[in-house]
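Colleague: sequence and predicted structure, then a few things I'm wondering about:
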Amino acid sequence: MSTAILSALPEEQSSLVQQLAHPQRLMHAGRAFWRGELHDRPVVLALSGIGKVAAATTATALIEHFGVARIVFTGVAGGVGDGVHRGDVVVAQDYVQHDMDASPLFPRWELPGYARTRLACDPVLTAMLLEAASLCVTSASSLWGLKNIHGGAHRAHQGLVASGDRFVSTAQESERLRSALRAAGHDVLAVEMEGAAVAQVCHDYGLPFAAVRTISDRADDAAHGDFAQFVQTVASRYAEHMVLSFLRKL
């Protein structure tokens, strides 16, 4: 059965589309899906677009229409955790929706009807992604000459990722979000706009889900300027390297 590779932006998976064997472009639910093979593994590549609703719609289409066996999300995120730098990689262990607030009916951040705040990613797929991510960042300096802001090697992290329908782009907002979640026991490493929605859809369908995010910025005042160039020059290479390495392990 096929593995779905999901991204929000074209640049995050364009190189993967180019490497597809026996590619078929299919339109469904107003979106383009690419079916084919990578390393002799059947895959479906899809672009969700930005935001939780768009991501949930695409994930549902992948499950209902294409019958995929698992979903892997690859893309970029803003780093908010200590020691999480631009060019690092975060593999999601679980997800929280940072803009979920149904209080006073439910505690802030709790998913109504789920009796939980976080949704966990599949542990087996996550371990495989972490191995692929670690290999990628270890190779980043030698392959592409990439170094972190301290001049050293990039790192792969694993932990909690937060999603919400807002591009966090000021240091004040980033710190406020991080501090509020940390006070409630949620130590977030990165923030983005899609993953938690896909995690919820996969939870509902009982489908394995994993996600890996390359850190494009620190979710601060420089985030907007850093984002576009980073996605084109760095994140696309990371995504290709990590996804292909991951698929070899399936």
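Modeller: Arrived safely.
Colleague: tell me the spacing between the nearest residue to Leu250 once chain neighbours are set aside and Leu244.
Modeller: Closest residue to Leu250 apart from its sequence neighbours, by Cβ to Cβ, 6 or more residues apart in numbering: Arg41 at 5.7 Å. Quick note: C-beta positions are derived from backbone N, CA and C, even for glycine. According to Cβ to Cβ, to the nearest Å, Arg41 and Leu244 sit 10 Å apart.
Colleague: confidence score at the residue nearest to Leu250?
Modeller: pLDDT for Arg41: 97.
Colleague: now Leu129
Modeller: 97.
Colleague: checking it next. Helix, strand or coil?
Modeller: Secondary structure assignment for Leu129 (DSSP: H, G, I helix; E, B strand; the rest coil): helix.
Colleague: repeat that for Ala197.
Modeller: Applying three-state DSSP: Ala197 is helix.
Colleague: that one reaches Ser163, doesn't it?
Modeller: Yes. Counting by Cβ atoms under 8 Å, Ala197 touches Ser163, with 6.5 Å between them.
Colleague: secondary structure element for Asp204?
Modeller: helix 195-205 (DSSP states H and E).
Colleague: okay, now Phe167: neighbour count?
Modeller: 16 (other Cβ atoms under 10 Å).
Colleague: the nearest residue to it once chain neighbours are set aside - how many residues pack around it?
Modeller: Nearest non-adjacent residue to Phe167, counting by Cβ to Cβ, 6+ apart: Met193, 6.9 Å away. As a burial measure, Met193 scores 25 neighbours (other Cβ under 10 Å).
Colleague: how about the CA coordinates for stretch 68-79, as PDB?
Modeller: In PDB, the C-alpha atoms belonging to stretch 68-79 read as follows (Å, rounded to 0.1, in the frame of the first residue of the first chain):
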ATOM      1  CA  VAL A  68      -2.900   5.300   1.500                       C
ATOM      2  CA  ALA A  69      -1.500   3.200   4.400                       C
ATOM      3  CA  ARG A  70       0.300   6.000   6.200                       C
ATOM      4  CA  ILE A  71       0.900   9.800   5.900                       C
ATOM      5  CA  VAL A  72       4.200  11.500   6.400                       C
ATOM      6  CA  PHE A  73       4.300  15.300   6.500                       C
ATOM      7  CA  THR A  74       7.400  17.200   5.500                       C
ATOM      8  CA  GLY A  75       7.900  20.900   5.500                       C
ATOM      9  CA  VAL A  76       9.200  23.900   7.400                       C
ATOM     10  CA  ALA A  77       8.400  25.400  10.800                       C
ATOM     11  CA  GLY A  78       9.500  28.100  13.200                       C
ATOM     12  CA  GLY A  79      11.700  27.100  16.000                       C
END
